[in-house]
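S.K.: Model the structure of this input:
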Amino acid sequence: MKSVTEALSLVEEFSRPLSIENRALQEAAFYYVATDLVAPVDLPPFHQSAMDGYALNRYAGKSYDIVGEVKAGDRPEVHLHPGEAARIFTGAALPPSADTVVRQEDVAVDRARMVLEKNPERGTNIRRQGEQVKAGEVALEQGSYLNPAAIGFLASLGIDRVEVYQKPSIAIVSTGNELIKGGQALSPGKCYESNSVMLRSALDSLHFHQVEVFHWKDHYEETVANLEELLSGFDMVLISGGISVGDYDYVARALEAVGVDNIVDRVRQKPGKPFYFGIKGETPVFGLPGNPGAALTCFYIYIRTYLERMIGNSDYQLHTSEARSIREFSKRKGKVQFCRAYYSGDTVEILEGQGSSGLQSFARSNSFVYLPEDIEWVAAGDRLKIIVLPVL
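M.R.: Alright, predicted model coming up:
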C-alpha cells in the first residue's frame, strides 16, 4: 500500500504526452501548444488609433484645421502639417505625419476647426506597430494553453492552424450486477448507476470529450475479454468498482491476466483506499472505488494529474492554498483524509457528510481539506492546507 505522496509521484512519473497533431485554430481551443508559435506579422501591423477622435500633428497652439478623415480599413492618404488634424476612428491606420490622437470627448468642433479642451501628451491613444509582438518573435511558447484569449491572439496574427498535443480517447467502465440506469424502476437489491455519469461530466468540464461508457456485470471471463478489447482501442481506461477484495471483485485479477503492470494498488487515504493505477504498453488503467465520493476524490487527485500531463501540461500540480478552519474535526491516524470543504476568502468549512459513498456534501464543496496521516484533531482557527477543485 502506497502513501498519497508515493502514489501521486508514480502517477506523475509514468505520465507521457500523446502525439502531436495539426489542428485548425478554431478546433484547437483548450489544447496545449506543442511547438513555439512564431508571429508571421507585427501586431498591430501598423500604427493605429486606439480611440474615436482626431489625429494630430502637434504644435504649440490648441486650434487645428480639420483636413481629412480616416476610417478603419482605409489607407491614409492625408498628410498633416503642424496645426492640422484628421477625423479618425478606432483601429484606423494613423497618418504617417500624425503623432497624437485626441479623444472626441476632449475637443470642441466648429465645422472645419477643432479646439483642444484638454491638452494630450504627445503619443497618446496610439497603438504602436508591433507593440504586442513583432514578426519573427515567439508569440506563444510550447506548452501554452489555448484558452479563448490565446485563440483570438493567434487569429489576429493570421495563424489558422497550430501544432498541439492530442487529447486521449477514454473508456469509462462501471461494474456491478446491482447497477441499473436512471429512468428505470428500482427493484429489490438494485441501485442507480451514477459513477459513469459523474466521471463523464467531470471529464466534459475539463474539455475531454472523446469518451465512451461501458457497463459490465461481475463476471471474470467477460471482464478479461472486455479489458483486452478496451486496452487496444483507447488511450486511457477508467474502471469504477470491482477493484477491491470482495468475492465478486474481479477487476484486479482480470487486469493481471491481461498483462497490465501494477504500479499503485491501494493508497493510505480516506476516501479512496482501493485506488489502482497500472500501465499496459502506453495505455494507463485506473481502477476507482465503487463508492461515488471516493471515486470522484481519486479522479481529481490522480487522474486529472495524469490527464493534464498527457496533453502537454508538463508543469501541472494540484492547486493548493491555505485557509483557517471555522469548525472542529477529528480523524484517525494512519491515513491522509481528503475532506470535502467549502472555502471562502481566508476561511474553510469542513462539511458534514464525509462518507465514501455520499455525494451531497461533494455537490456543495469547492475544495478538499488535506489532513496528513498523523493528524487526529483539527481545532477551529487552525490553518489548513486546501486543494482547490477545478469545477466550482
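S.K.: Where does pLDDT dip in this structure?
M.R.: Low-confidence segments of the chain (pLDDT under 70): 244-248, 391-392.
S.K.: for it, what's the longest helix?
M.R.: The residue-count maximum for a helix in the chain (DSSP state H) belongs to helix 220-233.
S.K.: partners of the following helix or strand past that helix, with directions?
M.R.: As assigned by DSSP states H and E, the chain's next helix or strand after helix 220-233 is strand 236-240. Strands that pair with strand 236-240, judged by DSSP bridges, come out as strand 170-175 (parallel), strand 283-288 (parallel).
S.K.: For the following helix or strand past the last one, enumerate the helices and strands it packs against.
M.R.: It stands for strand 283-288. Using DSSP H and E, the next helix or strand after strand 283-288 towards the C-terminus is helix 292-298. Under the contact criterion of 3 or more Cβ pairs under 8 Å, 6 or more residues apart in numbering; DSSP states H and E, helix 292-298 touches helix 195-205, strand 283-288, helix 360-364. All C-beta atoms are positioned from the backbone trio N, CA, C, and that covers glycine.
S.K.: okay, those, which one's buried deepest?
M.R.: strand 283-288 (a mean of 25; mean count of other Cβ atoms under 10 Å).
S.K.: ok, and what's touching that one?
M.R.: 14-15, 195, 199, 231, 234-243, 251-252, 255, 260, 272, 274-279, 294-295, 298-299, 302-303, 306 (Cβ atoms under 8 Å, 6 or more residues apart in numbering).
S.K.: What subset of these is buried?
M.R.: 14-15, 195, 199, 231, 234-243, 251-252, 255, 260, 272, 274-278, 294-295, 298-299, 302-303, 306 (16 or more other Cβ atoms under 10 Å).
S.K.: Can you report how many residues lie near A149?
M.R.: 9 (other Cβ atoms under 10 Å).
S.K.: What strand or helix carries it?
M.R.: helix 148-156.
S.K.: residues of that helix that come out buried?
M.R.: 150-151, 153-154, 156.
S.K.: same thing with stretch 254-271?
M.R.: 254-255, 258, 260, 263-271.
S.K.: what's the span of it from first residue to last?
M.R.: End-to-end span of stretch 254-271 (Cα to Cα, to the nearest Å): 24 Å.
S.K.: what does the helix or strand just after the helix holding A149 rub up against?
M.R.: Counting by DSSP H and E, the next helix or strand C-terminal to helix 148-156 is strand 161-165. With Cβ under 8 Å, 6+ apart as the test, strand 161-165 has contacts from 17-25, 28, 31-35, 37, 146, 154, 310-312.
S.K.: just the buried members of these?
M.R.: 17-18, 23, 25, 28, 31-34, 37, 146, 154, 310-312.
S.K.: quick one: contacts for the nearest residue to T100 once chain neighbours are set aside?
M.R.: Leaving aside its sequence neighbours, T100 sits nearest to L56 (Cβ to Cβ, 6 or more residues apart in numbering; 4.7 Å). When contacts are counted by Cβ under 8 Å, 6+ apart, L56 touches 64, 80, 84-85, 98-102.
S.K.: same check, this time on V173
M.R.: 196, 213-216, 226, 230, 237-240.
S.K.: Is it bridged to anything, and to what?
M.R.: F214, I239.
S.K.: now I180
M.R.: Residues in beta-bridge contact with I180 (DSSP bridges): Y192.
S.K.: Could you do R87 as well?
M.R.: Beta-bridge partners recorded for R87 (DSSP bridges): Y54, E69.
S.K.: Now for it, how many residues are close by?
M.R.: 19.
S.K.: The nearest residue to H319 once chain neighbours are set aside and I301: what is the separation?
M.R.: Counting by Cβ to Cβ, 6+ apart, V388 is the residue found nearest to H319 once chain neighbours are left out, at 4.3 Å. Distance of V388 to I301, computed by Cβ to Cβ, to the nearest Å: 12 Å.
S.K.: Which two among the buried ones among the contacts of strand 161-165 are spaced furthest apart?
M.R.: Using Cβ to Cβ, those span at most 23.0 Å, a distance reached by L154 and M310.
S.K.: okay, now the domains of this structure?
M.R.: 4-18+167-310, 20-42+131-165, 48-127, 320-388 (automatic domain parsing).
S.K.: ok, now which ones touch Y316?
M.R.: 305, 308-309.
S.K.: If any of those residues are buried, give me the PyMOL selection for them.
M.R.: Applied in PyMOL, the following selects the buried portion of the contacts of Y316 according to 16+ other Cβ under 10 Å:
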select buried, resi 305+308+309
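S.K.: Give me the subset of the contacts of Y316 lying in helices.
M.R.: 305, 308-309.
S.K.: Now render the residues you listed as JSON lines, adding distance to G353.
M.R.: JSON lines is the format used below for the ones in helices among the contacts of Y316 (distance: Cβ to Cβ, whole Å):
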{"residue": "T305", "distance to G353": "26"}
{"residue": "E308", "distance to G353": "29"}
{"residue": "R309", "distance to G353": "32"}
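S.K.: isn't K62 right next to M114, touching?
M.R.: No. K62 sits out of contact with M114 when judged by Cβ atoms under 8 Å, with a separation of 9.1 Å.
S.K.: quick one, which of those two is more surrounded?
M.R.: Using other Cβ under 10 Å as the criterion, K62 and M114 rank with M114 on top: 23 against 14.
S.K.: I would like the residues contacting the helix holding A149, please.
M.R.: 25-26, 28-29, 37, 43, 132, 139-140, 144, 146, 162.
S.K.: Any idea how far stretch 224-232 is from the middle of the chain?
M.R.: 30 Å (Cα atoms, centre = their mean, to the nearest Å).
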